[in-house]
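K.L.:
A predicted structure for the sequence below; I have some questions about it.
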Amino acid sequence: MAKIFFLTWVKTRPDEKPSKKIPVSLVPVVLAGVAFLLAAAGIALAQTSQSTPAAQALLEVPNSKDSPGSSEPSGPSGSSVRRKLPALQLAENRRFLVTADGKPFFWLGDTAWQLIHDLREEEIRRYFADRREKGFNVILTVILVELRFDQPNVYGHFPIEKGRPDRPIVRPGPDNDYWDDVERVLRLAEEHDLYVGLLPTWGKWVSSDWQSGIVDGFFNVENAEQYGRFLGGRFKDYNNMIIWILGGDKAAPTEEARAIWRAMARGIAVGVAGKEDYSQVLMTYHTSGPGSTHWFFNKEPWLDIHGVHSSHGRWALNWILVTHAYTMKPTLPVIDLETTYPEFRHGWPPTEATDDDARRAAYWAVFAGAAGHTYGHHSIWQMHSPRYPGVARPKRFWYEALDAPSAQQMGYLRRLIESKPFLTQRPDLSLLAFEQTKPWEMCLAIRGEGYAMVYTPMGHPLVIAMDRVGFGEVRASWFDPRTGRSTKIGQFKGTGRQTFTPPGKPAEGNDWVLLLEDAGKPS
């Protein structure tokens, strides 16, 4: 997060009306304008220059029930047999991810950018245990971090010689260098049934500017490939549970920048497979926001997932970016890799994003066709603690933010989607028999084998074209994204139009999902 930007036409207040109505039929026209929505008001995140000696007393955080009592790092698992997570791959329809043994995989990620650099083992265990319990299955973190890169990590280790990614600092023996620390994170993640979205570097070490693609960092084509080969070789035994994420919050509109990222991707593949074989690795790209990989990397042989960065804002309209990426060829899964962070103040005048905003972004993304979603909290991405100063005024420490309501609510979304055969799922706005005029109140619909779902972010009544649902008899219920509970509505004929009015009055935070199922099949 070197800079945070938002769409200029995304309103700070929902009562600001757009100049034109946007009927459902014109959504593709709106999408065509997304390319020039990059502008306005960002917040620079300055890297602290305060030193943190490696020998200083470390922050005491209560251990989770499975945490060791000692703050010393644990070595490899000794005589115990490692239980490997199944590798991930694209589903047959190339819209979703599945495990190597064919099980559907709904991506539910959390951004923990500074974790490798900033957290001790018992803190990592606590964080991983909490995220597993809440339903997360992917943790996104960075090797060459954005913040405090000029300081050693919490164990006193630097990753590379200064400015030389082709010269990693490697020492013999376990737990003796930064790369042992990275491996510890991977091992602990796998023990907690978590995949890792691993960023080799934050993008500022290629391009300091968030958008221009001007190369002014210490990476070049040659050392990027060398660094990639080192990473692939060093962590190939964990390749089954790594999603390699290039970019690190930086766009790549220039050929010079793209050449560096391609070289890094090539190096990782060679390090893992011994040759340039991208079928052996799973890769995506984390661009700056608002933005998407398909703007710069639409037909790359190494790109397996379109990564969207919808930026930060109370009304960041990620459904537009997801919908646009969903339509691109070749077909790839789409995932919003970074979006609204609760308690982050942004924009001008600045407003603070809420749990409601984060939850809405998750449902918007999935109901626009995403293969999952990536959550994030302003205190957690930076691992704010008494040990390190905060960036952009976080309100609490990372471990205090673990139980944010929106974090718990992400698991409800995952359970809802996984309760259906979601590999058959696709967006379908034709189910909606009403005109939509406000982008920030956009209702979205998806359908799959035996079901359809409609999301209303403000709790407005929904008029459904029942004949488009496709079932002779339709069983309807409400799903509450705030609690994860369902309430039966009744059974209806699959003809004509039917109005469904959610509980409560239309308002921010009163979002609901209308679930429509084939009444001819058991629930």
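P.N.:
Alright, I've got the coordinates.
K.L.:
Tell me which residues touch the residue nearest to Asn298 when sequence neighbours are not counted, please.
P.N.:
The shortest distance from Asn298 to any non-neighbouring residue, by Cβ to Cβ, 6 or more residues apart in numbering, is to Met328 (6.0 Å). Where C-beta positions appear, they are placed from N, C-alpha and C, glycine not excepted. Each residue near Met328 by Cβ atoms under 8 Å, 6 or more residues apart in numbering is listed here: His294, Asn298, His306.
K.L.:
Could you list the domains of the protein?
P.N.:
Here the domain parsing of the chain from automatic domain parsing is 55-423, 428-518.
K.L.:
so of the ones you listed, which one's packed in deepest?
P.N.:
Burial of the domains of the chain is given as mean neighbour count (mean count of other Cβ atoms under 10 Å); domain 55-423 ranks first at a mean of 20.
K.L.:
so Leu140, which of the three states?
P.N.:
strand (DSSP: H, G, I helix; E, B strand; the rest coil).
K.L.:
Skipping adjacent residues, who's closest to it in space?
P.N.:
Per Cβ to Cβ, 6+ apart, closest to Leu140 is Gly197, 3.9 Å.
K.L.:
who's in contact with the one you found?
P.N.:
Counting by Cβ under 8 Å, 6+ apart, Gly197 touches Gly109, Val138, Ile139, Leu140, Thr141, Ile242, Ile243, Ile245, Thr284, Leu337, Thr374.
K.L.:
After the helix or strand hosting it, which helix or strand is next?
P.N.:
According to DSSP states H and E, Gly197 maps onto strand 195-201. Downstream of strand 195-201, the next assigned helix or strand under DSSP H and E is helix 221-234.
K.L.:
what sits up against that following helix?
P.N.:
The contact list for helix 221-234, computed with Cβ under 8 Å, 6+ apart, reads 143, 164-166, 168, 179, 183, 200-201, 206, 219, 239, 259-261, 263-273, 281.
K.L.:
Looking at those, which are in strands?
P.N.:
Cross-referencing those against strands under DSSP state E gives Ile143, Arg164, Pro165, Asp166, Pro168, Pro200, Thr201.
K.L.:
The last one is in contact with Glu146, isn't it?
P.N.:
The reference is to Thr201. No - Thr201 is not in contact with Glu146 according to Cβ atoms under 8 Å; the separation is 9.3 Å.
K.L.:
ok, back up a step: from the contacts of Gly197, pick the one nearest Thr354.
P.N.:
Thr374 (17.8 Å; Cβ to Cβ).
K.L.:
Which residue, other than its chain neighbours, is closest to that closest one?
P.N.:
Gly109 (3.8 Å).
K.L.:
returning to what we had before: helix, strand or coil: sort out the residue nearest to Asn298 for me.
P.N.:
Taken by three-state DSSP, the conformation at Met328 corresponds to coil.
K.L.:
any idea how far Ile464 is from it?
P.N.:
For Met328, the distance to Ile464 (Cβ to Cβ, to the nearest Å) stands at 29 Å.
K.L.:
now swap in Phe434 and tell me
P.N.:
Between Phe434 and Ile464 the distance is 9 Å, computed by Cβ to Cβ.
K.L.:
Do you know the pLDDT at Ala316?
P.N.:
For Ala316, the pLDDT comes out at 84.
K.L.:
list the contacts for the closest residue to it other than its chain neighbours?
P.N.:
Of all residues not flanking Ala316 in the chain, Ser310 sits nearest, at 4.8 Å (Cβ to Cβ, 6+ apart). By Cβ under 8 Å, 6+ apart, Ser310 lies in contact with 289-290, 316-318, 321-322, 336, 338-340, 361, 365.
K.L.:
Just these: which are in helices?
P.N.:
Using DSSP state H, the subset of the contacts of Ser310 located in helices is Asn318, Leu321, Val322, Ala361, Ala365.
K.L.:
can I assume the last one is in contact with Arg359?
P.N.:
Going back to what we said before, that points to Ala365. No - assessed by Cβ under 8 Å, Ala365 is found out of contact with Arg359, at 11.0 Å.
K.L.:
Under the pLDDT cut-off, which ranges of the stretch 101-250 of the chain? List them.
P.N.:
Applying pLDDT under 70 to the stretch 101-250 of the chain flags no residue at all.
K.L.:
and stretch 283-303, how far out from the chain's middle?
P.N.:
Stretch 283-303 sits 14 Å away from the centroid of its parent chain (Cα atoms, centre = their mean, to the nearest Å).
K.L.:
Could you number the chain from 56 rather than 1 from now on?
P.N.:
I'll keep to 56 as the first residue from here, and by that count the last item is stretch 338-358.
K.L.:
got the CA coordinates for that stretch in CSV?
P.N.:
What follows is stretch 338-358, C-alpha atoms only, in CSV (Å, rounded to 0.1, in the frame of the first residue of the first chain):
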residue,chain,number,x,y,z
MET,A,338,0.5,-17.4,-10.3
THR,A,339,-1.3,-14.1,-10.3
TYR,A,340,-0.4,-10.4,-10.1
HIS,A,341,-1.3,-7.8,-7.5
THR,A,342,-1.6,-4.5,-9.2
SER,A,343,-2.3,-1.0,-7.8
GLY,A,344,-5.9,0.1,-7.2
PRO,A,345,-8.2,0.5,-8.8
GLY,A,346,-6.9,-1.8,-11.4
SER,A,347,-6.7,-5.3,-12.8
THR,A,348,-4.2,-7.7,-14.3
HIS,A,349,-6.1,-7.8,-17.6
TRP,A,350,-5.1,-4.2,-18.2
PHE,A,351,-1.4,-5.2,-18.5
PHE,A,352,-1.1,-9.0,-18.4
ASN,A,353,-4.1,-10.5,-20.2
LYS,A,354,-2.4,-13.3,-22.2
GLU,A,355,0.7,-14.1,-20.2
PRO,A,356,1.6,-17.8,-20.1
TRP,A,357,2.4,-17.6,-16.4
LEU,A,358,-0.9,-15.9,-15.3
